[in-house]
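*Asks:* could you work out the structure for the sequence below:
(one chain, ligands or ions: 1)
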Amino acid sequence: MLRPLKVLLILLTGAMLPAESAFSLDPNEQAIVEAIDASLPEAELLLRELVDINSGTQNLDGVARVGQILKDRFDALAFDTRWDDGAEFNRAGHLWAAHGGSGTRFLLIGHLDTVFASDSPFQHVTELDGNRWRGPGITDMKGGDVIMLYALAAMQTAGVLDQISVQVVITGDEESRGRPHAAANRTLLDAARWADVALGFEDGDGDPKTAVISRRGSVGWQLEMTGKPAHSSQIFRPDVGFGAIFEAARILDSFRTELSDVPLLTFNPGVIVGGTDITLDGTTARGTAFGKNNVIARGVSVKGGIRAVSPAQLDEAKAVMHRIVGENLAQTSASLTFSEGYPPMAPTEGNRELLAVYNQASQDLGLGEVRAVNPRRAGAADISFAAAHVTMALDGLGLMGYGGHTEGETALMATFGQQMKRAALVMYRLRDCSRCRDIGT
Ligand SMILES: [Zn+2]
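*Replies:* Numbers count the residues shown, from 1 in each chain. Now for the predicted structure:
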(Lines give C-alpha, C1' and ligand atoms only; values in the text may rest on other atoms or scores of the structure.)
Protein backbone atom coordinates (compact mmCIF):
# COMPACT_ATOMS: atom_id res chain seq x y z
CA MET A 1 0.00 0.00 0.00
CA LEU A 2 2.95 2.29 0.49
CA ARG A 3 4.00 1.84 -3.08
CA PRO A 4 2.00 4.55 -4.92
CA LEU A 5 3.03 7.08 -2.30
CA LYS A 6 6.65 6.06 -2.59
CA VAL A 7 6.51 6.37 -6.39
CA LEU A 8 4.90 9.79 -6.05
CA LEU A 9 7.59 10.92 -3.64
CA ILE A 10 10.31 9.67 -5.97
CA LEU A 11 8.70 11.50 -8.88
CA LEU A 12 8.41 14.70 -6.87
CA THR A 13 11.97 14.43 -5.66
CA GLY A 14 13.09 13.69 -9.20
CA ALA A 15 11.28 16.70 -10.57
CA MET A 16 13.26 18.96 -8.29
CA LEU A 17 16.65 17.59 -9.29
CA PRO A 18 18.70 18.65 -12.29
CA ALA A 19 17.94 16.66 -15.46
CA GLU A 20 20.89 14.29 -15.27
CA SER A 21 20.74 13.63 -11.55
CA ALA A 22 20.39 9.92 -11.08
CA PHE A 23 17.63 9.60 -8.54
CA SER A 24 16.62 6.12 -9.67
CA LEU A 25 20.10 4.67 -10.05
CA ASP A 26 21.52 2.22 -7.55
CA PRO A 27 24.96 2.91 -6.04
CA ASN A 28 26.75 0.80 -8.67
CA GLU A 29 24.96 2.63 -11.45
CA GLN A 30 25.86 5.91 -9.83
CA ALA A 31 29.50 4.78 -9.77
CA ILE A 32 29.31 3.87 -13.48
CA VAL A 33 27.96 7.32 -14.33
CA GLU A 34 30.70 9.01 -12.33
CA ALA A 35 33.41 6.90 -13.97
CA ILE A 36 32.10 7.83 -17.42
CA ASP A 37 31.97 11.53 -16.61
CA ALA A 38 35.55 11.36 -15.31
CA SER A 39 36.85 9.51 -18.39
CA LEU A 40 35.22 11.69 -21.07
CA PRO A 41 38.24 13.92 -21.83
CA GLU A 42 40.41 10.82 -22.28
CA ALA A 43 37.76 9.16 -24.46
CA GLU A 44 37.57 12.26 -26.66
CA LEU A 45 41.34 12.18 -27.15
CA LEU A 46 41.19 8.54 -28.21
CA LEU A 47 38.33 9.27 -30.62
CA ARG A 48 40.31 12.08 -32.22
CA GLU A 49 43.37 9.83 -32.55
CA LEU A 50 41.35 7.06 -34.23
CA VAL A 51 39.48 9.34 -36.64
CA ASP A 52 42.75 10.97 -37.73
CA ILE A 53 44.03 7.58 -38.94
CA ASN A 54 42.65 6.73 -42.36
CA SER A 55 40.98 3.32 -42.28
CA GLY A 56 39.10 3.07 -45.54
CA THR A 57 38.22 -0.61 -45.95
CA GLN A 58 40.90 -1.16 -48.61
CA ASN A 59 43.59 0.64 -46.56
CA LEU A 60 44.59 -2.56 -44.80
CA ASP A 61 47.46 -0.96 -42.84
CA GLY A 62 45.21 1.83 -41.59
CA VAL A 63 42.48 -0.59 -40.51
CA ALA A 64 45.08 -2.71 -38.70
CA ARG A 65 46.55 0.37 -36.95
CA VAL A 66 43.13 1.39 -35.63
CA GLY A 67 42.65 -2.22 -34.55
CA GLN A 68 46.00 -2.28 -32.74
CA ILE A 69 45.25 0.89 -30.77
CA LEU A 70 41.92 -0.52 -29.62
CA LYS A 71 43.52 -3.90 -28.91
CA ASP A 72 46.00 -2.19 -26.57
CA ARG A 73 43.12 -0.50 -24.77
CA PHE A 74 41.26 -3.77 -24.27
CA ASP A 75 44.52 -5.39 -23.08
CA ALA A 76 44.80 -2.58 -20.52
CA LEU A 77 41.34 -3.54 -19.23
CA ALA A 78 42.61 -7.13 -18.77
CA PHE A 79 40.59 -8.50 -21.69
CA ASP A 80 41.85 -11.49 -23.68
CA THR A 81 42.47 -10.08 -27.15
CA ARG A 82 43.19 -11.48 -30.58
CA TRP A 83 43.72 -10.09 -34.08
CA ASP A 84 42.11 -12.33 -36.70
CA ASP A 85 44.04 -11.68 -39.89
CA GLY A 86 41.88 -11.09 -42.95
CA ALA A 87 44.17 -12.35 -45.76
CA GLU A 88 41.78 -15.25 -46.38
CA PHE A 89 39.01 -12.83 -47.34
CA ASN A 90 41.14 -9.96 -48.75
CA ARG A 91 40.62 -7.52 -45.91
CA ALA A 92 42.70 -6.30 -42.95
CA GLY A 93 41.09 -8.50 -40.29
CA HIS A 94 39.00 -8.27 -37.17
CA LEU A 95 39.70 -7.40 -33.52
CA TRP A 96 38.30 -9.81 -30.94
CA ALA A 97 38.36 -9.19 -27.18
CA ALA A 98 36.75 -11.08 -24.30
CA HIS A 99 36.30 -10.77 -20.56
CA GLY A 100 34.54 -12.60 -17.74
CA GLY A 101 33.01 -16.02 -17.25
CA SER A 102 29.71 -15.50 -15.46
CA GLY A 103 26.39 -13.75 -15.91
CA THR A 104 24.68 -12.83 -19.14
CA ARG A 105 26.81 -13.20 -22.28
CA PHE A 106 27.04 -9.97 -24.27
CA LEU A 107 28.39 -9.55 -27.79
CA LEU A 108 29.43 -5.96 -28.53
CA ILE A 109 29.80 -5.17 -32.24
CA GLY A 110 31.84 -2.42 -33.88
CA HIS A 111 33.87 -1.84 -37.02
CA LEU A 112 37.28 -0.35 -37.72
CA ASP A 113 36.84 0.58 -41.38
CA THR A 114 35.26 3.62 -43.00
CA VAL A 115 34.02 4.46 -46.51
CA PHE A 116 36.76 7.09 -46.92
CA ALA A 117 39.69 5.74 -48.97
CA SER A 118 43.29 6.83 -48.31
CA ASP A 119 43.09 9.32 -51.22
CA SER A 120 39.87 10.94 -49.97
CA PRO A 121 40.23 14.66 -49.17
CA PHE A 122 38.32 13.98 -45.92
CA GLN A 123 40.92 12.75 -43.41
CA HIS A 124 40.79 14.62 -40.09
CA VAL A 125 38.66 15.82 -37.22
CA THR A 126 37.48 19.43 -37.33
CA GLU A 127 35.74 20.92 -34.30
CA LEU A 128 32.89 23.00 -35.71
CA ASP A 129 31.93 24.03 -32.20
CA GLY A 130 31.95 22.48 -28.74
CA ASN A 131 29.24 19.98 -29.63
CA ARG A 132 29.79 19.27 -33.32
CA TRP A 133 32.90 17.42 -34.48
CA ARG A 134 33.25 16.62 -38.17
CA GLY A 135 35.43 13.71 -39.27
CA PRO A 136 35.62 10.61 -41.48
CA GLY A 137 34.04 7.67 -39.67
CA ILE A 138 33.45 9.64 -36.47
CA THR A 139 29.87 8.39 -36.12
CA ASP A 140 30.20 5.41 -38.51
CA MET A 141 31.61 4.20 -36.30
CA LYS A 142 34.79 5.03 -34.40
CA GLY A 143 32.64 6.94 -31.93
CA GLY A 144 30.69 3.74 -31.24
CA ASP A 145 33.92 1.75 -30.79
CA VAL A 146 35.14 4.21 -28.15
CA ILE A 147 31.69 4.26 -26.50
CA MET A 148 31.73 0.49 -26.02
CA LEU A 149 35.30 0.58 -24.66
CA TYR A 150 34.55 3.28 -22.11
CA ALA A 151 31.19 1.76 -21.11
CA LEU A 152 33.09 -1.43 -20.24
CA ALA A 153 35.90 0.50 -18.54
CA ALA A 154 33.36 2.31 -16.37
CA MET A 155 31.78 -0.99 -15.37
CA GLN A 156 35.24 -2.18 -14.37
CA THR A 157 35.90 0.98 -12.34
CA ALA A 158 32.54 0.48 -10.62
CA GLY A 159 33.50 -3.13 -9.83
CA VAL A 160 30.64 -4.75 -11.77
CA LEU A 161 32.33 -5.88 -15.00
CA ASP A 162 32.95 -9.35 -13.52
CA GLN A 163 29.18 -9.87 -13.20
CA ILE A 164 28.80 -10.21 -16.98
CA SER A 165 30.60 -12.06 -19.79
CA VAL A 166 31.64 -10.04 -22.80
CA GLN A 167 32.97 -10.70 -26.27
CA VAL A 168 33.78 -7.71 -28.43
CA VAL A 169 34.07 -8.07 -32.21
CA ILE A 170 35.24 -5.01 -34.14
CA THR A 171 35.32 -5.95 -37.80
CA GLY A 172 37.62 -4.55 -40.48
CA ASP A 173 35.27 -4.88 -43.43
CA GLU A 174 31.78 -3.70 -42.47
CA GLU A 175 31.59 -1.16 -45.26
CA SER A 176 32.71 -3.69 -47.89
CA ARG A 177 32.43 -7.27 -46.68
CA GLY A 178 35.28 -9.60 -47.56
CA ARG A 179 34.54 -12.71 -49.57
CA PRO A 180 33.85 -15.50 -49.15
CA HIS A 181 31.39 -14.44 -46.48
CA ALA A 182 31.93 -17.70 -44.62
CA ALA A 183 35.53 -16.68 -43.89
CA ALA A 184 34.86 -12.96 -43.39
CA ASN A 185 32.02 -13.62 -40.91
CA ARG A 186 33.65 -16.37 -38.87
CA THR A 187 34.82 -14.22 -35.92
CA LEU A 188 31.46 -12.50 -35.67
CA LEU A 189 29.36 -15.66 -36.02
CA ASP A 190 31.43 -17.63 -33.48
CA ALA A 191 30.87 -14.85 -30.95
CA ALA A 192 27.17 -14.58 -31.84
CA ARG A 193 26.63 -18.31 -31.31
CA TRP A 194 28.23 -17.93 -27.86
CA ALA A 195 26.27 -14.81 -26.89
CA ASP A 196 22.84 -14.27 -25.35
CA VAL A 197 22.52 -10.58 -26.20
CA ALA A 198 24.05 -8.59 -29.09
CA LEU A 199 24.61 -4.84 -28.87
CA GLY A 200 25.60 -2.87 -31.98
CA PHE A 201 27.33 0.49 -31.66
CA GLU A 202 26.47 1.90 -35.10
CA ASP A 203 24.96 5.38 -35.25
CA GLY A 204 21.52 4.12 -36.30
CA ASP A 205 19.54 7.00 -37.79
CA GLY A 206 21.68 9.47 -35.86
CA ASP A 207 18.95 10.42 -33.41
CA PRO A 208 19.58 9.66 -29.71
CA LYS A 209 15.80 9.23 -29.26
CA THR A 210 15.91 6.05 -31.34
CA ALA A 211 17.58 2.64 -31.42
CA VAL A 212 17.41 -0.17 -33.93
CA ILE A 213 15.47 -3.39 -33.21
CA SER A 214 15.11 -4.36 -36.86
CA ARG A 215 17.16 -3.91 -39.99
CA ARG A 216 16.11 -5.01 -43.41
CA GLY A 217 18.43 -7.44 -45.13
CA SER A 218 19.84 -6.68 -48.53
CA VAL A 219 20.41 -9.36 -51.15
CA GLY A 220 21.21 -9.17 -54.85
CA TRP A 221 19.47 -11.19 -57.56
CA GLN A 222 20.12 -11.94 -61.20
CA LEU A 223 17.58 -13.01 -63.77
CA GLU A 224 18.45 -14.67 -67.09
CA MET A 225 15.89 -15.21 -69.87
CA THR A 226 16.33 -17.04 -73.13
CA GLY A 227 14.04 -17.19 -76.16
CA LYS A 228 14.12 -18.85 -79.56
CA PRO A 229 15.66 -16.54 -82.17
CA ALA A 230 13.55 -16.46 -85.34
CA HIS A 231 12.10 -13.97 -87.80
CA SER A 232 9.78 -11.59 -86.00
CA SER A 233 6.99 -12.26 -88.45
CA GLN A 234 6.58 -15.71 -86.86
CA ILE A 235 6.41 -14.55 -83.21
CA PHE A 236 3.51 -15.95 -81.11
CA ARG A 237 3.42 -19.22 -83.08
CA PRO A 238 3.44 -22.12 -80.58
CA ASP A 239 6.68 -23.50 -81.99
CA VAL A 240 8.41 -20.07 -82.12
CA GLY A 241 7.12 -18.53 -78.94
CA PHE A 242 7.43 -15.05 -77.46
CA GLY A 243 11.14 -14.39 -77.17
CA ALA A 244 13.27 -13.41 -74.21
CA ILE A 245 12.19 -9.77 -73.96
CA PHE A 246 8.45 -10.52 -73.58
CA GLU A 247 9.38 -13.19 -71.04
CA ALA A 248 11.47 -10.66 -69.07
CA ALA A 249 8.61 -8.15 -69.19
CA ARG A 250 6.15 -10.78 -67.92
CA ILE A 251 8.40 -11.78 -65.04
CA LEU A 252 9.28 -8.27 -63.88
CA ASP A 253 5.70 -7.05 -64.09
CA SER A 254 4.51 -10.12 -62.15
CA PHE A 255 7.11 -9.41 -59.44
CA ARG A 256 5.68 -5.90 -59.20
CA THR A 257 1.99 -6.83 -59.18
CA GLU A 258 2.36 -9.76 -56.77
CA LEU A 259 4.88 -8.36 -54.28
CA SER A 260 4.97 -4.56 -54.29
CA ASP A 261 2.25 -4.27 -51.61
CA VAL A 262 4.06 -6.43 -49.03
CA PRO A 263 4.87 -4.12 -46.09
CA LEU A 264 8.58 -3.36 -45.64
CA LEU A 265 9.53 -5.47 -48.67
CA THR A 266 11.18 -3.64 -51.56
CA PHE A 267 12.97 -4.87 -54.65
CA ASN A 268 14.38 -3.14 -57.65
CA PRO A 269 15.64 -4.22 -61.06
CA GLY A 270 18.67 -1.97 -61.45
CA VAL A 271 19.95 -2.85 -64.92
CA ILE A 272 18.60 -4.79 -67.89
CA VAL A 273 20.07 -5.77 -71.25
CA GLY A 274 18.22 -7.73 -73.92
CA GLY A 275 18.44 -8.65 -77.61
CA THR A 276 20.16 -11.07 -79.91
CA ASP A 277 23.63 -10.77 -78.40
CA ILE A 278 24.11 -9.42 -74.86
CA THR A 279 26.77 -9.07 -72.19
CA LEU A 280 26.37 -7.98 -68.56
CA ASP A 281 29.40 -7.81 -66.27
CA GLY A 282 28.48 -8.88 -62.74
CA THR A 283 31.18 -6.76 -61.10
CA THR A 284 30.99 -3.49 -63.01
CA ALA A 285 27.25 -3.78 -63.80
CA ARG A 286 28.03 -2.60 -67.34
CA GLY A 287 26.55 -4.33 -70.35
CA THR A 288 26.08 -4.32 -74.11
CA ALA A 289 23.18 -5.35 -76.33
CA PHE A 290 22.62 -5.92 -80.03
CA GLY A 291 19.28 -6.76 -81.64
CA LYS A 292 17.10 -6.03 -84.64
CA ASN A 293 13.46 -5.08 -85.07
CA ASN A 294 12.79 -8.16 -87.14
CA VAL A 295 14.54 -10.74 -84.96
CA ILE A 296 12.97 -12.32 -81.86
CA ALA A 297 15.21 -11.64 -78.87
CA ARG A 298 17.41 -14.51 -77.78
CA GLY A 299 18.53 -13.26 -74.35
CA VAL A 300 17.85 -10.87 -71.47
CA SER A 301 19.87 -10.32 -68.28
CA VAL A 302 18.60 -8.32 -65.32
CA LYS A 303 20.40 -7.48 -62.08
CA GLY A 304 18.50 -6.22 -59.06
CA GLY A 305 18.32 -6.09 -55.28
CA ILE A 306 15.75 -7.01 -52.64
CA ARG A 307 15.33 -5.84 -49.05
CA ALA A 308 13.21 -7.73 -46.53
CA VAL A 309 12.47 -7.23 -42.85
CA SER A 310 12.78 -10.86 -41.72
CA PRO A 311 14.31 -14.10 -42.99
CA ALA A 312 10.76 -15.49 -43.30
CA GLN A 313 9.65 -12.55 -45.43
CA LEU A 314 12.69 -12.93 -47.66
CA ASP A 315 12.06 -16.68 -48.04
CA GLU A 316 8.40 -16.08 -48.95
CA ALA A 317 9.34 -13.44 -51.49
CA LYS A 318 11.97 -15.72 -53.02
CA ALA A 319 9.41 -18.52 -53.32
CA VAL A 320 6.94 -16.23 -55.12
CA MET A 321 9.67 -14.96 -57.45
CA HIS A 322 10.82 -18.49 -58.28
CA ARG A 323 7.22 -19.55 -59.04
CA ILE A 324 6.75 -16.57 -61.37
CA VAL A 325 10.05 -17.30 -63.10
CA GLY A 326 8.92 -20.90 -63.70
CA GLU A 327 5.67 -20.00 -65.47
CA ASN A 328 7.40 -19.50 -68.81
CA LEU A 329 5.82 -18.18 -71.97
CA ALA A 330 6.05 -20.57 -74.93
CA GLN A 331 9.55 -21.37 -76.15
CA THR A 332 11.29 -19.34 -73.42
CA SER A 333 13.12 -20.24 -70.26
CA ALA A 334 14.28 -18.22 -67.26
CA SER A 335 16.46 -18.66 -64.20
CA LEU A 336 16.73 -16.60 -61.02
CA THR A 337 19.70 -16.63 -58.64
CA PHE A 338 20.28 -14.77 -55.38
CA SER A 339 23.73 -13.63 -54.25
CA GLU A 340 25.26 -13.48 -50.77
CA GLY A 341 24.11 -10.41 -48.93
CA TYR A 342 23.15 -9.10 -45.52
CA PRO A 343 20.40 -11.12 -43.81
CA PRO A 344 17.50 -9.25 -42.18
CA MET A 345 17.44 -8.50 -38.46
CA ALA A 346 13.84 -9.31 -37.55
CA PRO A 347 11.93 -7.19 -34.98
CA THR A 348 11.63 -10.02 -32.43
CA GLU A 349 9.96 -9.96 -29.03
CA GLY A 350 13.42 -10.28 -27.46
CA ASN A 351 14.66 -7.20 -29.29
CA ARG A 352 11.61 -5.25 -28.07
CA GLU A 353 12.30 -6.34 -24.48
CA LEU A 354 15.91 -5.23 -24.79
CA LEU A 355 14.80 -1.85 -26.15
CA ALA A 356 12.42 -1.54 -23.18
CA VAL A 357 15.32 -2.04 -20.74
CA TYR A 358 17.44 0.44 -22.71
CA ASN A 359 14.61 2.96 -22.74
CA GLN A 360 14.12 2.61 -18.97
CA ALA A 361 17.86 3.04 -18.35
CA SER A 362 17.83 6.17 -20.49
CA GLN A 363 14.91 7.64 -18.59
CA ASP A 364 16.49 6.78 -15.24
CA LEU A 365 19.60 8.63 -16.43
CA GLY A 366 17.44 11.65 -17.22
CA LEU A 367 18.19 11.19 -20.95
CA GLY A 368 14.64 10.77 -22.20
CA GLU A 369 12.74 8.12 -24.09
CA VAL A 370 14.19 5.85 -26.76
CA ARG A 371 11.90 4.31 -29.37
CA ALA A 372 12.45 1.92 -32.27
CA VAL A 373 13.59 3.45 -35.53
CA ASN A 374 11.59 2.66 -38.67
CA PRO A 375 13.41 -0.31 -40.30
CA ARG A 376 13.12 1.41 -43.69
CA ARG A 377 15.57 3.99 -42.29
CA ALA A 378 18.09 1.43 -41.03
CA GLY A 379 20.48 -0.12 -43.54
CA ALA A 380 22.09 -3.52 -43.25
CA ALA A 381 24.94 -3.87 -40.73
CA ASP A 382 27.12 -6.41 -38.96
CA ILE A 383 24.49 -7.06 -36.28
CA SER A 384 22.30 -8.51 -39.04
CA PHE A 385 24.64 -11.52 -39.19
CA ALA A 386 24.55 -11.94 -35.40
CA ALA A 387 20.86 -11.31 -34.71
CA ALA A 388 19.62 -14.76 -35.71
CA HIS A 389 21.97 -16.38 -33.18
CA VAL A 390 21.04 -14.42 -30.03
CA THR A 391 17.94 -13.99 -27.88
CA MET A 392 17.99 -10.20 -27.99
CA ALA A 393 19.70 -7.68 -30.24
CA LEU A 394 19.79 -3.90 -30.36
CA ASP A 395 21.78 -1.55 -32.58
CA GLY A 396 22.22 2.19 -32.84
CA LEU A 397 24.02 2.49 -29.49
CA GLY A 398 26.88 4.52 -30.95
CA LEU A 399 27.82 8.16 -31.28
CA MET A 400 24.95 10.13 -32.80
CA GLY A 401 25.16 12.76 -35.52
CA TYR A 402 24.46 13.25 -39.20
CA GLY A 403 25.98 13.15 -42.67
CA GLY A 404 27.37 9.59 -42.52
CA HIS A 405 29.13 8.34 -45.68
CA THR A 406 29.63 11.97 -46.84
CA GLU A 407 32.29 14.59 -46.24
CA GLY A 408 29.81 16.23 -43.89
CA GLU A 409 29.90 13.35 -41.37
CA THR A 410 29.39 15.13 -38.05
CA ALA A 411 29.11 13.88 -34.48
CA LEU A 412 26.99 15.44 -31.77
CA MET A 413 29.50 15.13 -28.94
CA ALA A 414 26.90 15.74 -26.25
CA THR A 415 25.69 12.21 -27.01
CA PHE A 416 29.15 10.66 -26.47
CA GLY A 417 28.96 10.22 -22.70
CA GLN A 418 25.19 9.72 -22.77
CA GLN A 419 25.49 6.71 -25.06
CA MET A 420 28.24 5.24 -22.82
CA LYS A 421 25.94 5.54 -19.80
CA ARG A 422 22.96 3.97 -21.52
CA ALA A 423 25.04 1.04 -22.81
CA ALA A 424 26.76 0.38 -19.48
CA LEU A 425 23.46 0.51 -17.60
CA VAL A 426 21.69 -1.88 -19.94
CA MET A 427 24.52 -4.42 -19.53
CA TYR A 428 24.55 -3.99 -15.76
CA ARG A 429 20.77 -4.32 -15.46
CA LEU A 430 20.69 -7.48 -17.61
CA ARG A 431 23.70 -9.03 -15.82
CA ASP A 432 21.58 -11.82 -14.32
CA CYS A 433 18.78 -12.23 -16.84
CA SER A 434 17.21 -15.63 -17.30
CA ARG A 435 15.01 -14.34 -20.14
CA CYS A 436 18.16 -13.37 -22.04
CA ARG A 437 19.65 -16.87 -21.97
CA ASP A 438 20.31 -18.26 -25.38
CA ILE A 439 19.43 -21.94 -25.43
CA GLY A 440 21.62 -22.90 -28.35
CA THR A 441 20.94 -21.29 -31.71
ZN1 LIG B 1 28.92 1.50 -39.90
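*Asks:* next one: the closest residue to F236 other than its chain neighbours from the ion, what distance?
*Replies:* Once flanking residues are discounted, F236 sits nearest to F242: 6.7 Å by Cβ to Cβ, 6 or more residues apart in numbering. Any C-beta I mention is one placed from the backbone N, CA and C, and that applies to glycine too. To the ion, F242 is 46 Å away according to Cβ to the ion, to the nearest Å.
*Asks:* quick check: F242 touching T332?
*Replies:* Yes - applying Cβ atoms under 8 Å as the test, F242 and T332 come out as touching, 5.9 Å apart.
*Asks:* need the residues touching each of those two.
*Replies:* G227 (Cβ atoms under 8 Å, 6 or more residues apart in numbering).
*Asks:* the residue in the stretch 251-400 of the chain that the ion sits nearest to: which element?
*Replies:* Minimum separation of the stretch 251-400 of the chain from the ion (Cβ to the ion) falls at A381, amounting to 6.0 Å. Using DSSP states H and E, A381 is not contained in any helix or strand.
*Asks:* just checking, it touches P343?
*Replies:* No - the pair A381 / P343 is not scored as a contact, 11.0 Å apart, by Cβ under 8 Å.
*Asks:* how many neighbours does the residue of the stretch 251-400 of the chain closest to the ion have?
*Replies:* 24 (other Cβ atoms under 10 Å).
*Asks:* got a pLDDT number for it?
*Replies:* A381 carries a pLDDT value of 86.
*Asks:* what about the nearest residue to it once chain neighbours are set aside, distance to L397?
*Replies:* Of all residues not flanking A381 in the chain, E202 sits nearest, at 5.3 Å (Cβ to Cβ, 6+ apart). Going from E202 to L397 by Cβ to Cβ, to the nearest Å gives 8 Å.
*Asks:* hey, what's in contact with both of those two?
*Replies:* With Cβ under 8 Å, 6+ apart as the test, E202 and L397 both reach G144.
*Asks:* hmm, back to that, wait, the residue nearest to A381 sits on A211?
*Replies:* No - counting by Cβ under 8 Å, A211 is not a contact partner of E202; they are 10.1 Å apart.
*Asks:* give me the common contacts of those two.
*Replies:* Joint contacts of E202 and A211 (Cβ under 8 Å, 6+ apart) are D395, G396, L397.
*Asks:* contact partners for the residue nearest to F236?
*Replies:* By Cβ under 8 Å, 6+ apart, the contact set of F242 is G227, I235, F236, I296, L329, A330, Q331, T332.
*Asks:* isn't the last one up against T226?
*Replies:* Yes - A contact is recorded between T332 and T226 when judged using Cβ under 8 Å, the distance being 6.6 Å.
*Asks:* what about these two, which has more around it?
*Replies:* Per other Cβ under 10 Å, whichever of T332 and T226 has more neighbours is T332, with 23 against 18.
*Asks:* so what pairs up with that one in the strands?
*Replies:* Listed beta-bridge partners, T332: G227 (assigned using DSSP bridges).
*Asks:* how close does it sit to K228?
*Replies:* 8 Å.
*Asks:* no more questions from me, cheers.
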